[in-house]
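In: Sequence and predicted structure, then a few things I'm wondering about:
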Amino acid sequence: MSDKLRDAASFATFADEAEEPRLSESDQAKVDEFLQRGVNAVERKPFRPAFLIFLLIAVVTGFSLLSQGIAQWAGVY
């Protein structure tokens with residue numbers, strides 16, 4: 001593959017070859033049908049990393065406060 005990318009003309013030819021479909025029409029139809037069934041067909045909410053970070057901060061803070069409370073209750077402090 002690295003030989004194909006050495007000059008611009010070879011790269012253009014390689015890029016054109018890469019755009020050709022890898023599956024036949026019938027195989028692509030089977031893949032599309034599979035993706036519409038079962039767990040793949042479920043619409044999901046978009047991933048929200050900000051919520052995950054907020055939740056992580058809340059849980060760590062909660063456990064920290066809980067451990068401080070247990071330490072005071074046990075007379076460590």
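Out: Structure received. No experiment lies behind these values; they were computed from the predicted model shown. Numbering: from 1, shown residues only.
In: What is the burial count for Ser67?
Out: 10 (other Cβ atoms under 10 Å). Quick note: C-beta positions are derived from backbone N, CA and C, even for glycine.
In: mind checking which helix or strand of the chain has the lowest mean pLDDT?
Out: helix 8-18 (a mean of 59; mean pLDDT, DSSP states H and E).
In: Using CSV, list the CA coordinates for the helix or strand following that one.
Out: Using DSSP states H and E, the helix or strand that follows helix 8-18 in sequence is helix 25-35. Taking Å, rounded to 0.1, in the frame of the first residue of the first chain, the C-alpha atoms of helix 25-35 are listed here in CSV:
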residue,chain,number,x,y,z
GLU,A,25,-25.8,-5.1,-3.8
SER,A,26,-27.3,-8.3,-2.2
ASP,A,27,-24.7,-8.4,0.6
GLN,A,28,-25.3,-4.7,1.4
ALA,A,29,-29.0,-5.4,1.5
LYS,A,30,-28.4,-8.2,4.0
VAL,A,31,-26.3,-5.9,6.2
ASP,A,32,-28.9,-3.1,6.0
GLU,A,33,-31.7,-5.6,7.0
PHE,A,34,-29.6,-6.9,9.9
LEU,A,35,-29.0,-3.3,11.2
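In: Quick check: mean pLDDT of the very next helix or strand once past helix 25-35?
Out: Using DSSP H and E, the next helix or strand after helix 25-35 towards the C-terminus is helix 49-74. Averaging pLDDT along helix 49-74 gives 97.
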